[in-house]
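# Return atomic coordinates for the entry below.
(one chain, ligands or ions: 1)
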Amino acid sequence: MYISVDLGGTNTRVASSKDLKNIISVERVHTEQNVALEKKVILDAIGKLSAGEKIERTCIGIPGMVNKKNRKFNKIPNVPSLTGLSYEELFNSQIDPGVLMVENDAALAGLGEAVLGAGKNYDVVAYLTLGTGVGGVRISGKMLDAHQNYSEPGHMIIQAEGHLFKPCGQHGCLESYISGSAFRQIYGISPSECVDQNIWDEYAQKLALGIINVLAMWGPDVVILGGSISNKFEEYFKDPLMDKLSHHELFTIPPVVKSALGDDSGIYGGLVLMSQTL
Ligand SMILES: [Zn+2]
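Numbers count the residues shown, from 1 in each chain. Next comes the predicted model:
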């Protein structure tokens, strides 16, 4: 049996699979900020799903930067208590470190979409997640780049002298304009409740800048939008976004689409990563 965990800033999902393609069952629990509690929650869920069966491998997606060489959680802004811990410190002996894989959550979600979701017919996939924060990854040939240390498109700067964004200390980051937290700060309403087309038009202008930079750096065949805000894509910001992009003359604009696997992109990505490294 294989276990894929998506440890999100708000919710944690733990899924089981036997063939690394299909999910047998998913446990959804609230993410605990206290490391000892979160560890217990994850291990309890794994125990329930495995029911004593041998676990061949476990993959965990983390909302922040992980250092795979040192096997440490480098910086996890949404679960700060994890920052600085090693994989082994989180799970001690309960999960054999030899069968534990850890990856950035957006990287896993992008891999899931590239192989099993909206990107399955494309070679080079740019995945952007528009949620509490903004993350993303470039997937080429259905694989993560094993030599890339991190991928943080949310921290690209789209406006010189722009807002100070406290979590990262930079001014004018994409995330400080288009994340869910930024949306609430700037417009005073949650993106899930916003029906004001003027706000969505402005949102689309900022997102378009981010996407043009993504095209410049990553040269994708498709851009996939995930995260909770992507649920508003078709109704509210697809048209103004594509209109803005259509006036861009340098790059060929690829299709921009919503994720196909939704909240489960990350746990599918974990299955894909485990299947690629058997
Ligand atoms: Zn930033």
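
# Pairing partners for the nearest residue to Gly119 once chain neighbours are set aside in the sheet, please.
Nearest residue to Gly119, sequence neighbours excluded (Cβ to Cβ, 6 or more residues apart in numbering): Val125, at 3.7 Å. Backbone N, C-alpha and C define where each C-beta goes, glycine included. Applying DSSP bridges to Val125 gives these bridge partners: Ile139, Val222.

# count of neighbours near Val125?
Using other Cβ atoms under 10 Å, Val125 has 28 neighbouring residues.

# ditto for Gln185
Neighbours of Gln185 using other Cβ under 10 Å come to 12.

# I'd like to know how far it sits from Ser86.
Distance of Gln185 to Ser86, given as Cβ to Cβ, to the nearest Å: 34 Å.

# Please list the residues of the chain that sit near the ion.
Within the chain, the positions lying close to the ion (Cβ under 5 Å from the ion) are His155, Phe165, Cys168, Gln170, Cys173.

# which of those residues has the weakest pLDDT?
Taking these together, the minimum pLDDT is found at Cys168 (82).

# Quick check: closest non-adjacent residue to Lys48.
In space, Lys48 is closest to Glu27, 6.3 Å off (Cβ to Cβ, 6+ apart).

# all strands of the stretch 1-150 of the chain, in order?
Ranges of strands in the stretch 1-150 of the chain, per DSSP state E, counting those that start in this stretch, are 2-7, 11-17, 25-30, 57-62, 65-67, 72-75, 100-104, 124-130, 134-140.

# What are the buried residues along the second one?
Of the residues in strand 11-17, Thr12, Arg13, Val14, Ala15, Ser16, Ser17 count as buried by neighbour count, 16 or more other Cβ atoms under 10 Å.

# would CSV of those with pLDDT be doable?
Shown next, in CSV, are the buried residues of strand 11-17 (pLDDT from 0 to 100):
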residue, pLDDT
Thr12, 93
Arg13, 95
Val14, 96
Ala15, 97
Ser16, 97
Ser17, 97
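
# for stretch 17-34, which positions count as buried?
Applying 16+ other Cβ under 10 Å to stretch 17-34 flags Ser17, Leu20, Ile23, Val26, Glu27, Thr31, Glu32 as buried.

# which among these gets closest to Asn149?
Using Cβ to Cβ, Thr31 comes nearest to Asn149 of the buried residues of stretch 17-34, at 24.9 Å.

# Quick check, pLDDT for the residue nearest the centre of the chain.
Closest residue to the average C-alpha location of the chain: Ala106 at 2.1 Å, with Cα atoms, centre = their mean. pLDDT for Ala106: 94.

# Distance-wise, check the nearest residue to it once chain neighbours are set aside relative to the ion.
Spatial nearest neighbour of Ala106, chain neighbours left out: Gly135 (3.0 Å); criterion: Cβ to Cβ, 6+ apart. To the ion, Gly135 is 11 Å away according to Cβ to the ion, to the nearest Å.

# Counting neighbours, what do you get for Leu37?
When neighbours are counted by other Cβ under 10 Å, Leu37 registers 12.

# how close does it get to Val29?
Separation of Leu37 from Val29 (Cβ to Cβ): 10 Å.

# for the least confident helix or strand in the chain by mean pLDDT, packing partners?
The weakest-scoring helix or strand in the chain, judged by mean pLDDT, DSSP states H and E, is helix 87-91 (a mean of 78). Secondary-structure packing of helix 87-91 (3 or more Cβ pairs under 8 Å, 6 or more residues apart in numbering; DSSP states H and E): helix 35-50, strand 72-75, strand 100-104.
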